[in-house]
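*Asks:* Sequence and predicted structure are below.
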Amino acid sequence: MANTQSTRRPRGSIRPNGAGFQIRVYAGTDPLTKKPLYLHEQAATLPEAEKARTRLLAKVDEQRHPKGKITVTKLLDQWMDVARIEESTRDRYVIAIDQYLKPTFGELQAAKLGPTRPRLGHAALPHHGHRLPPRRTVRTALAERRLRHQRHHGPPGSSAATP
């Protein structure tokens, strides 16, 4: 007769802690520090703790195998299409997105973007951190963007595009 009991070790742990139980589930490795990451939760009773462990395991599995396949680049583009922001703010956002966010996170699935990813991206930014370049550089980038737009669509107010 075959053994129907699983000899597989359970994922996560539940231990008595004060008046309840502490639940701890392994969530991967921090890409910067290389230290293990754990999700924690507290429950009053053992059945609640089992439910909490199941919930935490589902959260970890969702991060490893996200349902959505949309990339950060597509998500940012869709957001910029519907964002209600002033034109000057939009211009600065476009520069920040094109220079920093897309090169760092662009091909990553948006569902996999967790709290450790922005830290990883921040480490990859140039020496001036997460801020935009000095205003002179932003003005230059905006002027170049307007020139590119004019080359493709003609000067403002014209309806004909250049061939």
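*Replies:* Looks like it arrived, so ask away. Residues are numbered from 1 along each chain as shown.
*Asks:* Please enumerate the strands of the protein.
*Replies:* 13-17, 20-29, 36-43 (DSSP state E).
*Asks:* Pairing partners for the first one, with directions?
*Replies:* Looking at strand 13-17 with DSSP bridges, its partner strands are strand 20-29 (antiparallel).
*Asks:* which residues touch the strand it pairs with?
*Replies:* The contact list for strand 20-29, computed with C-beta atoms under 8 Å, 6 or more residues apart in numbering, reads 11-16, 35-46, 48-49, 52-53, 56-57, 60, 63-64. C-beta coordinates here come from the backbone N, C-alpha and C atoms, glycine included.
*Asks:* Helix or strand, whichever it is, which one in this protein has the lowest mean pLDDT?
*Replies:* Ranked by mean pLDDT, DSSP states H and E, the weakest helix or strand in the chain is helix 116-124, scoring a mean of 50.
*Asks:* what ranges do the helices span in the protein?
*Replies:* For the chain, helices defined by DSSP state H occupy the ranges 46-64, 72-82, 87-96, 102-105, 116-124, 135-153.
*Asks:* Between strand 20-29 and the first one, find me the angle.
*Replies:* So the one you mean is helix 46-64. Counting by axes from the mean of the first three to the mean of the last three C-alpha atoms, to 10 degrees, helix 46-64 lies at 10 degrees to strand 20-29.
*Asks:* Check which helices and strands helix 46-64 sits against.
*Replies:* strand 13-17, strand 20-29, strand 36-43 (3 or more C-beta pairs under 8 Å, 6 or more residues apart in numbering; DSSP states H and E).
*Asks:* now the fourth one
*Replies:* On a contact count with 3+ C-beta pairs under 8 Å, 6+ apart, helix 102-105 meets helix 72-82, helix 116-124.
*Asks:* I'd like the helices of the chain as TSV, with distance to Ala27 appended.
*Replies:* Formatted as TSV, those follow (distance: least, C-beta to C-beta, whole Å):
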stretch	distance to Ala27
helix 46-64	5
helix 72-82	20
helix 87-96	29
helix 102-105	19
helix 116-124	9
helix 135-153	38
